[in-house]
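Q: I'd like to go over a predicted model; first the sequence, then the structure.
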Amino acid sequence: MSDLALVLALLISAIVMFAIGRPRMDAVALMMIVALPLSGVITVEQAFAGFADPNIILIAALFVVGEALVRTGVAQMLGDWLVSKAGRSEARLIVLLMIVVAGIGSFMSSTGVVAIFIPIVLRIARNARIPASRLMMPLSVAALLSGMMTLVATAPNLVVHAELERHGYEGFSFFAFTPFGLPLLVLAIIYMLAARRFLAGVPEAEQGPERPTLRDFIEKYGLEGREYRFAVDPYSSLIGRPLATLDLRGSAGINIIAIERERRFSRQLLRPHAHSQLEAGDILMIDACGRDLDIGKVARSFRLHPMELAANYFGDRSQEIGMAEVLLSPDSRLVGKTVAEADVRSLHDVTVVGVRRERKALEEPVTEVRFRAGDILLVIGPWRAIERLPRSPDRLILLNLPVESDDVAPVRSRAPFAVAILLLTVFMMASGIVPNVLAALIGCLLFGLAGCVGMNGAYRSIHWQTLVLIVGMLPFSIALQEVGGIDLAADWLLSTVGSGSPRAVLAVLFFVTALLGMFISNTATAVLMAPVALALAAGLEASPYPFAMTVALAASTAFMTPVSSPVNMLVVGPGNYRFVDFVKIGVPLAMIALVVTVLLVPVLLPL
């Protein structure tokens, strides 16, 4: 009993430190890794067994999968689809997000789904100006509920299924869980729509001054009303002539920022350079940089047809067109020169569209400005060209990048390969051809082979703090079994409710399983509680299926603490959550799941 008391004391102390937020969660986990073997309850090998756990490798690999989807733009496209369907409606975003996550999580690891969706949700939250805390909790809830959709959705389902087969019963079918998961998902969506206001006041992380957006740059430099789109007429005098020979900046007072050209399956955005030749049907993105420019007269003289310019044009084309502020150092070659004299576009592949001097944007045309040391230039061009500016011999200091630069997919052309590899990985996981961890590692290798992610990027994408936190809590499961804590709980349950009404037994079974899941992994909880569930069914001379199903559903009801599931641990940082946030949102939701389970299970799986 003294060993049991010691383990419980360590567990309670860890929970208290998690609750007060001091020290960091991963530091607490490391403290427990050290304390448990020093107590003599478990060995050093058992304490560090989590580092060899295939699930830890699986989680790390799925971070790499998420990075590949971000780098190839797949994550952005999925986020764009969600935003296009939901607009800026937070309620619609939550509904669509939870449905999509629960659907995908039905066929692959819920932890992996969350790892993939975190960057998507952060981007959606930023673009829609919604606090990330309002979307991260629905994300984790939907991922956990996805475990109630199919047999392969989560490990506890397979554990309970295997326990039934070991006792000579037929296991659950692939979709046996779906009739319970779907109603719970609907109720959870309704609940999260009502409960999201309790997350509105979560303080944001200290991130320093807010970074500008492309829209901020446009307003700061007065670009509104200076940008135009024109289609090139088949009889235009511009067709077939290199831009260098046209000198449109000097002769007409306009800058061609980008060229949209029709391809077989899409419209491609080309960057203009000295040797670029225009074709009929090209659409030109033009900056009117001349003083008192009559843009209509210019269009008529070159036979250009005006096209609509959407208010968020630069935001919509932020994958191809970038903006940045650069500072001129005193020894820069550009000091004392104009844009034309410095030949900025030819040398650096960017166009100067604005100048700020002494904290004020200059109103005179950019073509007439003679640069001074300390001037801040707003440049437009490809992101790669912008990233090269600090390395140029012209001593340009990259001062400000907009937040949209974080979403740029460096290898967007590899998106089809990324989607194909993702589908193959999901198929391997869903079919069970290979273990999940091998499927994820095969996917990572294929992503690397296809050029979707590099080795350095793969290592940087892994959230090591989360892995340490999970590994540090795994030894508690071993310690509780070593000191007999689990056996005592099972004996108490049998003696307390073994002779009660079937629904009451199901309710207590659900409650104890969910309670255990607050402190140990849901897989370990299922391993420990599945035999108890079948023993209870035998004692009541009832069918084992409703009892086994109750354990499986309760094991996925890990909403109540951040350490209940790796899924919750993943969203703690991005959502800037406290321990108490999971308690106040998760406990009522777990009670809803308990009621639904007790009502539905005996009806769909007769006792």
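A: Sure thing, it's come through. Residues are numbered from 1 along each chain as shown.
Q: I figured residue 217 hits residue 402, correct?
A: Yes - using Cβ atoms under 8 Å, residue 217 is in contact with residue 402, at 6.4 Å. Every residue, glycine included, has its C-beta placed from N, CA and C.
Q: which neighbours do the two have in common?
A: Residues touching both residue 217 and residue 402 (Cβ atoms under 8 Å, 6 or more residues apart in numbering) are residue 323.
Q: ok, now which residue in the chain is the farthest from the centroid?
A: In terms of distance from the mean C-alpha position of the chain, residue 301 ranks first, at 49.4 Å (Cα atoms, centre = their mean).
Q: name the next helix or strand downstream of the worst-scoring helix or strand of the chain on mean pLDDT, please.
A: When each helix and strand of the chain is scored by mean pLDDT, DSSP states H and E, helix 313-316 comes last, with a mean of 53. Sequence order places strand 322-328 as the next helix or strand after helix 313-316, per DSSP states H and E.
Q: residues contacting the very next helix or strand once past that following strand, please?
A: Under the assignment DSSP H and E, the closest C-terminal helix or strand after strand 322-328 is helix 339-342. Helix 339-342 has contacts (Cβ under 8 Å, 6+ apart) with 249-250, 333-334, 352, 366-367, 369, 371, 394.
Q: the residues you listed: which two are farthest apart?
A: Within the contacts of helix 339-342, 250 and 394 form the most distant pair, 21.4 Å apart (Cβ to Cβ).
Q: where do the strands of the protein begin and end?
A: 227-232, 254-262, 267-270, 283-288, 304-307, 322-328, 351-357, 360-361, 376-381, 396-400 (DSSP state E).
Q: with distance to residue 136 added, can I get those in CSV?
A: Formatted as CSV, those follow (distance: least, Cβ to Cβ, whole Å):
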stretch, distance to residue 136
strand 227-232, 36
strand 254-262, 36
strand 267-270, 33
strand 283-288, 37
strand 304-307, 40
strand 322-328, 28
strand 351-357, 37
strand 360-361, 37
strand 376-381, 34
strand 396-400, 28
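Q: which of these has the lowest average pLDDT?
A: Ranked by mean pLDDT, the strands of the chain bottom out at strand 267-270, with a mean of 65.
Q: separation between the spatially closest residue to residue 116 that is not a sequence neighbour and residue 463?
A: Nearest non-adjacent residue to residue 116, counting by Cβ to Cβ, 6 or more residues apart in numbering: residue 66, 4.2 Å away. Remark: distance between residue 66 and residue 463 (Cβ to Cβ, to the nearest Å) = 10 Å.
Q: same question for residue 104.
A: 20 Å.
Q: higher neighbour count, residue 66 and residue 463?
A: residue 66 (25 against 18; other Cβ atoms under 10 Å).
Q: you'd agree that one is up against residue 115?
A: Yes - assessed by Cβ under 8 Å, residue 66 is found in contact with residue 115 at 4.7 Å.
Q: the helices in the stretch 401-550 of the chain, which residues?
A: Under the criterion DSSP state H, counting those that start in this stretch, helices of the stretch 401-550 of the chain are mapped to 415-431, 436-449, 455-461, 464-482, 485-497, 502-516, 522-539, 544-555.
Q: what pLDDT, on average, does the second one get?
A: Think helix 436-449. What helix 436-449 shows for mean pLDDT is 88.
Q: the longest one too?
A: The pLDDT scores in helix 464-482 average 73.
Q: mind listing what's buried in it?
A: Residues of helix 464-482 classed as buried: 466-482 (neighbour count, 16 or more other Cβ atoms under 10 Å).
Q: do the first one as well
A: The neighbour-count check on helix 415-431 (16+ other Cβ under 10 Å) flags 415, 417-418, 421-422, 425-426, 428-430 as buried.
Q: now swap in the second one and tell me
A: Applying a neighbour-count criterion of 16+ other Cβ under 10 Å, the buried positions in helix 436-449 are 436-444, 446-448.
Q: nearest to residue 228 among these?
A: residue 447 (40.9 Å).
Q: give me the nearest residue to that closest one, chain neighbours excluded.
A: Nearest non-adjacent residue to residue 447, counting by Cβ to Cβ, 6+ apart: residue 68, 4.1 Å away.
Q: now for that neighbour: which residues touch it?
A: Neighbour list for residue 68: 418, 421, 444, 447, 452-453 [criterion: Cβ under 8 Å, 6+ apart].
Q: go with 6 Å
A: Residues in contact with residue 68 (Cβ atoms under 6 Å, 6 or more residues apart in numbering) are 418, 447, 452-453.
Q: kindly report the same for residue 191.
A: With contact taken as Cβ under 6 Å, 6+ apart, residue 191 is in contact with residue 589.
Q: what about it, distance to residue 184?
A: Counting by Cβ to Cβ, the gap from residue 191 to residue 184 is 10 Å.
Q: helices or strands up against the helix of greatest length in the chain?
A: If you go by DSSP state H, the chain has its longest helix at helix 579-604. Packing partners of helix 579-604 (3 or more Cβ pairs under 6 Å, 6 or more residues apart in numbering; DSSP states H and E): helix 178-195, helix 502-516, helix 544-555.
Q: rerun at 10 Å
A: Packed against helix 579-604 by the contact rule (3 or more Cβ pairs under 10 Å, 6 or more residues apart in numbering; DSSP states H and E) you find helix 2-20, helix 133-145, helix 178-195, helix 502-516, helix 544-555, helix 566-575.
Q: between it and helix 544-555, how big is the angle?
A: Relative orientation of helix 579-604 and helix 544-555, computed by axes from the mean of the first three to the mean of the last three Cα atoms, to 10 degrees: 160 degrees.
Q: what's the neighbour count on residue 341?
A: If you count neighbours by other Cβ under 10 Å, residue 341 ends up with 11.
Q: what does the one 4 residues further on give?
A: The burial metric for residue 345, expressed as a neighbour count using other Cβ under 10 Å, is 25.
Q: and stretch 53-70, what's buried?
A: In stretch 53-70, the ones that count as buried by 16+ other Cβ under 10 Å are 55-70.
Q: pLDDT weak spots in the stretch 451-600 of the chain?
A: Scanning the stretch 451-600 of the chain for pLDDT under 70 picks out the ranges 466, 470, 477, 485-487, 489-491, 493-494, 497-500, 519-521, 524, 573.
Q: again, 50 this time
A: Nowhere does the stretch 451-600 of the chain drop to pLDDT under 50.
Q: ditto for the stretch 201-350 of the chain
A: Within the stretch 201-350 of the chain, the segments meeting pLDDT under 50 span 201-209.
Q: swap in 70 and give it another go.
A: 201-211, 224-226, 247, 249-253, 263-269, 271, 289-293, 308-320.
Q: before we move on, the earlier item: tabulate the contacts of residue 68 (TSV), appending distance to residue 514.
A: Below are the contacts of residue 68 laid out as TSV (distance: Cβ to Cβ, whole Å):
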residue	distance to residue 514
418	37
447	37
452	39
453	37
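Q: of all those residues, which two lie farthest apart?
A: With Cβ to Cβ as the measure, no two of the contacts of residue 68 lie farther apart than 418 and 453, at 8.9 Å.
Q: give the intersection of the neighbour lists for those two.
A: Common neighbours of residue 418 and residue 453, counting by Cβ atoms under 10 Å, 6 or more residues apart in numbering, are 65, 68-72, 411, 447.
Q: pick the one among those closest to residue 136.
A: Lowest distance from residue 136 to the shared contacts of residue 418 and residue 453 (Cβ to Cβ) belongs to residue 70, with 16.8 Å.
Q: my guess is the closest one contacts residue 461. True?
A: Yes - counting by Cβ atoms under 10 Å, residue 461 is a contact partner of residue 70 at 8.3 Å.
Q: overlap in contacts of the two?
A: With Cβ under 10 Å, 6+ apart as the test, residue 70 and residue 461 both reach 119, 453.
Q: report the contact partners of the residue nearest the centre of the chain.
A: Centroid-nearest residue in the chain: residue 118, 1.8 Å away (criterion: Cα atoms, centre = their mean). For residue 118, the contact set (Cβ under 10 Å, 6+ apart) comprises 63, 66, 70, 75, 132, 136, 139-140, 463, 570-571, 573-575.
Q: need the buried residues of helix 415-431 in CSV with distance to residue 32 and pLDDT, can you?
A: Listed next are these as CSV, based on distance: Cβ to Cβ, whole Å; pLDDT from 0 to 100:
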residue, distance to residue 32, pLDDT
415, 42, 82
417, 42, 87
418, 38, 87
421, 37, 90
422, 35, 84
425, 33, 84
426, 34, 77
428, 34, 84
429, 31, 74
430, 35, 71
